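Chemist: okay, sequence plus prediction incoming.
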Amino acid sequence: MTEPLQVQHVEEAAASIDPVFRNTPQFVDPALARQVGADMAVKLETFNPIRSFKGRGADYFMRGLGAGQRVLCASAGNFGQAIAYAGRSRGIPVTVFCARNANPAKVAAMRALGAEVVQTGDDFDAAKDAARAYGADDEGWLFVEDGREPRICEGAGTIAVELAALRPDTVLVPVGNGALVCGIGCWLKARSPATRVVGVSAAGAPAMAESWRRGTPVSSPEVRTIADGVAVRVPVPAAVDWMRAYVDDVVLVDEEQIRAGLRTARDTLGLLLEPAGALGIAAALSHRFAAERPVAVVTGSNY
């Protein structure tokens, strides 16, 4: 049985993580609200040194490590940047495995932040398998899996603490490995139980959505989506358990709906987002929610 996430850890992280990742902009945009048909707010996780929400959980996790630790992870790009950023500031060596076809800009950014990057495998999950095997052969590495490590989820959940000021009735959260939606859901279910937590997955990467519905991990044979940041083929079992506990619904958005979300973010917010970052907006445009005060968490702009 997976141990629950801890609300008090989310609140501890909200007071302790690097201030560059905290108190990101959140507001109702009138033009976006008109398109959605509700007083929709956005939470912009793009205005920080790595341009994604991943820095919150990475910072909270890495501050708990001892001297001399070496960290190994797999990433489509954003998580690796976050771990590299937190590692550089603490003198912790970081190696990131990513797929051979990973976004070149994200690969370059990870290297610029000091990470050693190993490109292998045909997709993110194949790269993760390679990273896990590499760590097993060398006991000096700590293998960190996004979606499985509670402190990463709890650090990401600090977004919910800040969202409380908006008093949202529905929060739309992109779902990759599930760390973000689980952390946000943990805090909201404890502190604002009337708020609905809705995960948003790409239809071309439906593994986490299908796993949530069935209550058990369900892998996909392949992923086909422009949203590389959520292109998960093999779910993390712990994240599926947490999603079942903390998430009210999971919806899918197809490729054209994702593109519509990107265009809308550009035209109303003036933002160029990566496809995964626009999933919440895409869901608000294409699905009907019984919500007067929805919020979309805009998760990244590493396009």
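Modeler: Okay, I see it. Numbers count the residues shown, from 1 in each chain.
Chemist: wait, Ala58 touches Gly155, no?
Modeler: Yes: counting by C-beta atoms under 8 Å, Ala58 touches Gly155, with 7.1 Å between them. The C-beta positions use only the backbone N, C-alpha and C, and glycine is treated the same way.
Chemist: low-confidence ranges in this structure?
Modeler: The model of the chain has pLDDT under 70 over residues 1.
Chemist: how far is the biggest strand by length in it from where the chain is centred?
Modeler: Longest strand in the chain, counting residues (DSSP state E): strand 196-202. Taking C-alpha atoms, centre = their mean, to the nearest Å, the mean C-alpha location of strand 196-202 is offset from the chain mean by 12 Å.
Chemist: which strands and helices lie in contact with that strand?
Modeler: With contacts defined as 3 or more C-beta pairs under 8 Å, 6 or more residues apart in numbering; DSSP states H and E, strand 196-202 has these neighbours: strand 170-174, helix 179-191, helix 207-214, strand 249-253, helix 279-286.
Chemist: can you lay out these as TSV showing distance to Leu142 and mean neighbour count?
Modeler: Output for the helices and strands packed on strand 196-202, formatted as TSV (distance: least, C-beta to C-beta, whole Å; neighbours: other C-beta atoms under 10 Å):
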stretch	distance to Leu142	mean neighbour count
strand 170-174	27	28
helix 179-191	17	27
helix 207-214	25	21
strand 249-253	31	21
helix 279-286	30	27
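Chemist: out of the ones you listed, nearest to Val240?
Modeler: Checking the helices and strands packed on strand 196-202 against Val240 by C-beta to C-beta gives helix 207-214 as the closest, at 4.5 Å.
Chemist: immediately after the closest one, which helix or strand?
Modeler: helix 237-246 (DSSP states H and E).
Chemist: can I get that next one as CSV, trimmed to CA atoms?
Modeler: Only the C-alpha atoms of helix 237-246 are listed here, as CSV (Å, rounded to 0.1, in the frame of the first residue of the first chain):
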residue,chain,number,x,y,z
PRO,A,237,2.4,2.7,-9.7
ALA,A,238,2.7,5.1,-6.6
ALA,A,239,1.4,8.0,-8.7
VAL,A,240,-1.6,6.0,-9.8
ASP,A,241,-2.4,5.2,-6.2
TRP,A,242,-2.1,8.9,-5.2
MET,A,243,-4.2,10.0,-8.2
ARG,A,244,-6.9,7.7,-7.1
ALA,A,245,-6.9,9.3,-3.7
TYR,A,246,-6.6,12.9,-4.7
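Chemist: select, out of the helices and strands packed on strand 196-202, the one closest to Arg111.
Modeler: helix 179-191 (23.3 Å).
Chemist: what's the angle from the closest one to strand 249-253?
Modeler: Inter-element angle recorded for helix 179-191 and strand 249-253: 150 degrees (by axes from the mean of the first three to the mean of the last three C-alpha atoms, to 10 degrees).
Chemist: counting contacts, what elements does helix 179-191 pack onto?
Modeler: Looks like helix 179-191 contacts helix 7-16, helix 150-156, helix 158-163, strand 170-174, strand 196-202, helix 237-246 (3+ C-beta pairs under 8 Å, 6+ apart).
Chemist: now the helices and strands packed on strand 196-202 as CSV including distance to Pro25?
Modeler: Formatted as CSV, the helices and strands packed on strand 196-202 follow (distance: least, C-beta to C-beta, whole Å):
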stretch, distance to Pro25
strand 170-174, 16
helix 179-191, 17
helix 207-214, 27
strand 249-253, 23
helix 279-286, 15
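Chemist: closest to Thr120 out of those?
Modeler: With C-beta to C-beta as the criterion, Thr120 lies closest to helix 207-214 of the helices and strands packed on strand 196-202, at 20.8 Å.
Chemist: what is the neighbour count of the closest residue to Glu45 other than its chain neighbours?
Modeler: Computed as C-beta to C-beta, 6 or more residues apart in numbering, the closest residue to Glu45 that is not its neighbour in sequence is Phe53, at 3.8 Å. As a burial measure, Phe53 scores 32 neighbours (other C-beta atoms under 10 Å).
Chemist: surely Phe53 touches Leu180?
Modeler: Yes: using C-beta under 8 Å, Phe53 is in contact with Leu180, at 6.2 Å.
Chemist: correct me, but Met40 touches Ala283?
Modeler: No: applying C-beta under 8 Å as the test, Met40 and Ala283 come out as separate, 10.8 Å apart.
Chemist: give the intersection of the neighbour lists for the two.
Modeler: Common neighbours of Met40 and Ala283 (criterion: C-beta atoms under 8 Å, 6 or more residues apart in numbering): Ala296.
Chemist: hmm, back to that, what about the residue nearest to Glu45, distance to Leu269?
Modeler: From Phe53 over to Leu269 the distance is 16 Å, taken as C-beta to C-beta, to the nearest Å.
Chemist: then Val173?
Modeler: Distance from Val173 to Leu269, by C-beta to C-beta: 18 Å.
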